[in-house]
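Below is the sequence, then the predicted model.
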Amino acid sequence: MPAIQLLDELGLPKDISIADIRQTIQQFEIEKDALQEFFDDTLKTYTTYQEMKDYVKSREANTPKQETEEKSL
């Protein structure tokens, strides 16, 4: 694919310098890393939540329920 066509598809000006392209790539890499970190943190939190939820269900299933008789006043 010719470079001019690629720049056009990316919405970059045709007279962009190599330094500007490198800076744009670096910005995208930083954004990608930040998004990956956010995704990993979210996944870790969700996994912990699911594990705790499963643990609570397991405890509830293994704990005999006590029936209480309450007198109404």
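Nice, thanks for sending it over. Small disclaimer: the values here were computed from a predicted structure and weren't measured. Numbering: from 1, shown residues only.

Every contact and neighbour count from this point should use C-alpha atoms.
Noted.

so where's the protein shaky on pLDDT?
For the chain, the stretches with pLDDT under 70 are 1, 66-73.

where do the helices sit along it?
Taking DSSP state H, the helices of the chain run over residues 3-10, 18-62.

could those go into JSON lines alongside mean neighbour count?
Putting these into JSON lines (neighbours: other CA atoms under 10 Å) gives the following:
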{"stretch": "helix 3-10", "mean neighbour count": "11"}
{"stretch": "helix 18-62", "mean neighbour count": "12"}
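
I'd like the distance between Lys32 and Ile18.
Lys32 is 21 Å from Ile18, where distance means CA to CA, to the nearest Å.

and what of Phe38?
As judged by CA to CA, Phe38 and Ile18 stand 30 Å apart.

Could you do Val56 as well?
Counting by CA to CA, the gap from Val56 to Ile18 is 57 Å.

Leu10 now?
According to CA to CA, Leu10 stands 15 Å off from Ile18.
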